[in-house]
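Colleague: any chance you can model this:
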Amino acid sequence: SRQLFSGHDIINHWPVHPRPSGAPAGGGRGEYSSVAFFFYFCTMYSIDKRILDFIHRHHVLTLATCADATPYCAHLFYAYIDDDNVFVVASEARTRHLDEALKNPRVAGAVVLETKVVGLLRGLQWQGVLFLPDGELQRKARRAYLRRFPFAVLHNAPLWAIRPTFLKYTDNRLGFGKKIIVTLQANEKSPLYEDQ
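Modeller: Take a look at the predicted model:
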């Protein structure tokens with residue numbers, strides 16, 4: 001049977017860890033789930049401006065899912081909320097990509113600039129977790145998505161959030177094959193950057 005995951009649902013189903021210093025109290029026990037811990041610190045991250053600029057210059061991503069050992073991908077319009085480090089996409093739960101993401105919320109994706117000029121090639125590959133936003137994040141997601149795609153109000157499809165845990169940005173303008181790699185870890189207060 002299909003299970004809809006919200007941020008609250010996922011948090012309640014993951015192991016708990018000591019609450020990080022300065023983090024909002026949760027559960028009344030001074031403990032945080034792995035995902036809550038990760039979500040909290042993701043809001044503290046400052047993603048490289050070059051990556052954010054690239055994300056905001058585009059509006060279609062490729063979402064890769066995998067369920068029952070069979071991969072699949074789909075193209076989706078997206079909005080991105082900097083403060084919460086989430087892509088926002090709209091899709092019905094009955095679609096194949098959402099059906100698979102609900103079975104396995106660990107997803108991957110890409111955003112690419114189409115060009116035949118090698119020196120201008122740019123692209124972003126990422127891994128992350130898809131979930132159903134709730135509370136204030138749900139309201140922020142709706143505002144961000146409708147601001148970018150006003151016509152979506154007519155479709156009224158459910159909005160989903162994808163929070164990246166890993167990003168690899170390639171920009172040949174910085175040098176052939178130049179890559180900026182960002183790994184977001186639950187136990188770190190800042191992103192881990194690697195230039196290649």
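Colleague: next, the closest residue to Asp82 other than its chain neighbours: secondary structure please.
Modeller: Nearest residue to Asp82 in three dimensions, chain neighbours excluded: Leu52, at 6.1 Å (Cβ to Cβ, 6 or more residues apart in numbering). All C-beta atoms are positioned from the backbone trio N, CA, C, and that covers glycine. The three-state assignment at Leu52 reads helix, by DSSP: H, G, I helix; E, B strand; the rest coil.
Colleague: burial of Leu52, as a residue count?
Modeller: Residue neighbour count, defined by other Cβ atoms under 10 Å, stands at 15 for Leu52.
Colleague: kindly report the same for His97.
Modeller: Residues within reach of His97, counting by other Cβ under 10 Å, total 20.
Colleague: now do the end-to-end distance for stretch 62-80.
Modeller: According to Cα to Cα, to the nearest Å, stretch 62-80 extends 14 Å from its N-terminal end residue to its C-terminal end residue.
Colleague: state the mean pLDDT of stretch 66-82.
Modeller: The pLDDT scores in stretch 66-82 average 96.
Colleague: buried stuff in it?
Modeller: Within stretch 66-82, the residues that qualify as buried are Cys66, Ala74, Leu76, Phe77, Tyr78, Ala79, Tyr80, Ile81, counting by 16 or more other Cβ atoms under 10 Å.
Colleague: how about the last one: what's its closest non-neighbour residue?
Modeller: Think Ile81. Once chain neighbours are set aside, the closest to Ile81 by Cβ to Cβ, 6+ apart is Ala144, at 5.3 Å.
Colleague: for whichever strand or helix holds that neighbour, buried residues please.
Modeller: Element membership of Ala144, judged by DSSP states H and E, is helix 135-148. Residues Leu137, Gln138, Lys140, Ala141, Arg142, Ala144, Tyr145, Leu146 are the ones in helix 135-148 that count as buried (16+ other Cβ under 10 Å).
Colleague: ditto for stretch 55-65
Modeller: Taking 16+ other Cβ under 10 Å as the basis for neighbour counts, the residues of stretch 55-65 that come out buried are Ile55, Leu61, Leu63, Ala64, Thr65.
Colleague: so how far is the strand or helix carrying Trp126 from its chain's centroid?
Modeller: When elements are defined using DSSP H and E, Trp126 is found to belong to strand 122-131. In terms of Cα atoms, centre = their mean, to the nearest Å, the centre of strand 122-131 is set 6 Å apart from its chain centre.
Colleague: now do that strand against helix 135-148, angle only.
Modeller: Per axes from the mean of the first three to the mean of the last three Cα atoms, to 10 degrees, the angle that strand 122-131 makes with helix 135-148 is 140 degrees.
Colleague: next, format the buried residues of stretch 55-65 as CSV and append secondary structure and distance to Leu159.
Modeller: Written out in CSV, the entries for those read as follows (DSSP: H, G, I helix; E, B strand; the rest coil; distance: Cβ to Cβ, whole Å):
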residue, secondary structure, distance to Leu159
Ile55, helix, 17
Leu61, strand, 14
Leu63, strand, 14
Ala64, strand, 19
Thr65, strand, 17
